[in-house]
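Asker: have a look at this fold, sequence not included:
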Ligand SMILES: O=c1ccn([C@@H]2O[C@H](COP(=O)(O)O)[C@@H](O)[C@H]2O)c(=O)[nH]1
């Protein structure tokens with residue numbers, strides 16, 4: 001059997017961002033490695049329980065171990081930017097290093113920063129995470145459409161130019177999200193429905209692969225889409241699903257919640273895997289066991 005660290009079958013990336021659209025690269029990686037995305041969320045209590053210092057060195061070592069365990073096993077990792085930002089410039093330097101280690105291990109990187117603003121400010125955020133000289137060069141960025149979906153256009157343009165992706169908050173995994181996301185629009189639909197439709201046409205694939213502007217739809221909240229008549233299959237956009245594991249959603253919830261959209265889903269798990277650290281062997285086992293749990297999902 002091939003070692004999980006064997007990467008010979010992975011297509012080489014000819015450009016740091018790939019010249020191919022994010023959606024195509026993601027689909028290929030999901031077909032090869034399955035739908036699990038491992039979150040890099042160095043909560044202070046996890047750093048303590050791993051015996052690591054609560055500083056940039058601790059963050060870097062944390063990320064390094066998760067990458068060692070995830071490389072060759074999953075398609076994507078998702079660092080949670082807040083847990084790096086809280087340590088100031090040193091924390092963000094560690095994040096840059098972790099992104100570079102992940103990319104060298106052929107892991108796609110989604111920076112979970114939930115950025116959202118207007119005009120040139122939005123362009124600045126997009127440049128920071130997806131631009132040609134980005135200090136944190138991720139493959140994709142989570143963004144908030146609550147200043148209006150159209151306000152994300154500068155980020156859509158950067159993503160298109162760079163072969164990168166966006167994940168737009170649509171039905172987030174937290175119960176409070178419904179207050180805004182399921183509010184009725186002037187047209188009589190739901191806010192989330194308009195976001196889903198806008199994402200479908202933002203950067204569709206020319207080849208029938210996944211689009212490059214995806215959505216965040218929680219594993220805990222996916223069922224709300226069907227309940228409110230929101231079709232998640234429209235445009236074949238990738239669906240990033242946090243909420244699996246530590247927030248309570250199971251693989252059965254994923255199957256029931258996403259239904260016909262299941263093949264578009266990338267399932268994030270952070271704490272449920274990270275809590276078994278600090279040993280790379282144990283993290284690897286937790287990743288393998290989660291992959292088995294998700295095997296029948298995709
Ligand atoms: O709707 C959302 C959007 C993002 N998240 C983020 O995903 C992870 C989930 O971590 P777990 O430990 O697996 O619960 C975390 O970084 C959140 O900020 C989300 O949970 N829900």
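Answerer: Arrived safely, thanks for sending. Bear in mind the structure is a predicted one, so any value in this text is a computation, not a measurement. Residues are numbered from 1 along each chain as shown.
Asker: how many neighbours does the residue of the stretch 51-200 of the chain found nearest the ligand have?
Answerer: Nearest to the ligand in the stretch 51-200 of the chain, going by CB to the nearest ligand atom, is residue 172, at a distance of 3.1 Å. To be clear about C-beta, it is placed using only N, CA and C from the backbone, and glycine gets the same treatment. Residue 172 has 22 neighbours, counted by other CB atoms under 10 Å.
Asker: what residues are up against it?
Answerer: If a contact means CB atoms under 8 Å, 6 or more residues apart in numbering, then residue 172 has 181, 216, 218, 221, 242 as its contacts.
Asker: any idea how far residue 247 is from it?
Answerer: Residue 172 sits 11 Å away from residue 247, taking CB to CB, to the nearest Å as the criterion.
Asker: on that earlier part again, contacting the ligand as well, which ones from the contacts of residue 172?
Answerer: 216, 218, 242 (CB under 6 Å from any ligand atom).
Asker: pLDDT score assigned to residue 145?
Answerer: With respect to pLDDT, residue 145 scores 98.
Asker: no, scratch that, I was asking about residue 245
Answerer: 97.
Asker: isn't it up against residue 269?
Answerer: Yes: counting by CB atoms under 8 Å, residue 245 touches residue 269, with 4.5 Å between them.
Asker: neighbour count: these two, which is higher?
Answerer: A direct count of neighbours by other CB under 10 Å for residue 245 and residue 269 places residue 269 higher, at 27 against 23.
Asker: what about that one? Give its phi and psi, please.
Answerer: phi -130, psi 120 (degrees, to the nearest 10).
Asker: now do the contacts for it.
Answerer: 36-39, 244-246, 290.
Asker: any idea which of those residues is closest to residue 21?
Answerer: residue 37 (18.5 Å; CB to CB).
Asker: who in the stretch 1-150 of the chain is up against the ligand?
Answerer: Counting by CB under 6 Å from any ligand atom, the stretch 1-150 of the chain sits next to the ligand at 39, 41, 80, 112.
Asker: any chance you could map the strands in the stretch 1-150 of the chain?
Answerer: 36-40, 76-79, 108-115, 140-143 (DSSP state E, counting those that start in this stretch).
Asker: can you add mean neighbour count and distance to residue 278 and give these back as CSV?
Answerer: Conversion of the strands of the stretch 1-150 of the chain to CSV gives the following (neighbours: other CB atoms under 10 Å; distance: least, CB to CB, whole Å):
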stretch, mean neighbour count, distance to residue 278
strand 36-40, 26, 14
strand 76-79, 26, 17
strand 108-115, 23, 22
strand 140-143, 27, 27
